[in-house]
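# Structure of the sequence below:
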Amino acid sequence: MAKIFQVTARAGMTRVVEPVARGLLRAGVTPNAVTVAGTLGVLVGALGFGARGHLVAGALIVTVFALTDLLDGTMARMSGGSTRFGAFLDSSMDRVADSAVFGAVAFYLAGEGDRTGTAAALVCLAAGGLVSYVKARAEGLGMTSNVGIAERTERLLIVGVGGVLTGVGVRPALEIALWLLAAVSIFTVGQRMAHVYRQAQQVPAAPGGQG
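Below is the predicted model:
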């Protein structure tokens, strides 16, 4: 699902993203700078707007700056490919941005006295981090775990739609979106662990224990 969504998004936005990427590279802007700027924008949208109850504005700002994932990737490709540090930075900034988004949602819902919604946001925060960790740990052991129905794009899309609908008066939408996201995130963790398990049966045991 994530791959289909990302391929479709890239195809539809190529005419916009590539000229912008070329212009930024000509101006001396690096892909890493765009990565950091995109994360800062997400933090502003999530913490400056979403956490304060401005859900529509927050969701729109987060969405716009989350699209820098397309821009910095295109810039990296045009400049000869992503560096190892660039890949590390991009992944790290994604985790910062995701934590801000779900932390802001949990803060807002707690302030509204919505305990079940707050619980759902916290489950999403933990499960989202675990989805990413399982993939990173698998790759660190020489395997792959790039599978699942709820990768980062889907997670942000689901919570964003829920936030916008709640912001325009459909009150249960955000909580429903969060519980849906919690369920598919936990399912994705299971998918990835099963995928790694199948690979692990075909390779020698790796050092490092089971910590």
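# Skipping adjacent residues, who's closest to the residue nearest to the spatial centre of the chain in space?
Centroid-nearest residue in the chain: residue 152, 3.3 Å away (criterion: C-alpha atoms, centre = their mean). Spatial nearest neighbour of residue 152, chain neighbours left out: residue 94 (6.1 Å); criterion: C-beta to C-beta, 6 or more residues apart in numbering. Yep, even glycine has a C-beta here, placed from its N, CA and C like the rest.
# That neighbour and residue 77, how far apart?
Noted for residue 94: a distance of 18 Å to residue 77, by C-beta to C-beta, to the nearest Å.
# more neighbours, those two?
residue 94 (20 against 13; other C-beta atoms under 10 Å).
# I'd guessed the more buried one sits against residue 151; true?
No: using C-beta atoms under 8 Å, residue 94 is not in contact with residue 151, being 10.6 Å away.
# Quick one: list the elements packing against the host helix or strand of the residue nearest to residue 152.
Counting by DSSP states H and E, the element that carries residue 94 is helix 84-111. Using 3 or more C-beta pairs under 8 Å, 6 or more residues apart in numbering; DSSP states H and E, the elements in contact with helix 84-111 are helix 31-43, helix 55-66, helix 68-78, helix 115-140, helix 152-167, helix 173-200.
# Residue 18: which of the ones you listed is closest?
For the helices and strands packed on helix 84-111, distance to residue 18 was read as C-beta to C-beta. The smallest value, 6.1 Å, belongs to helix 68-78.
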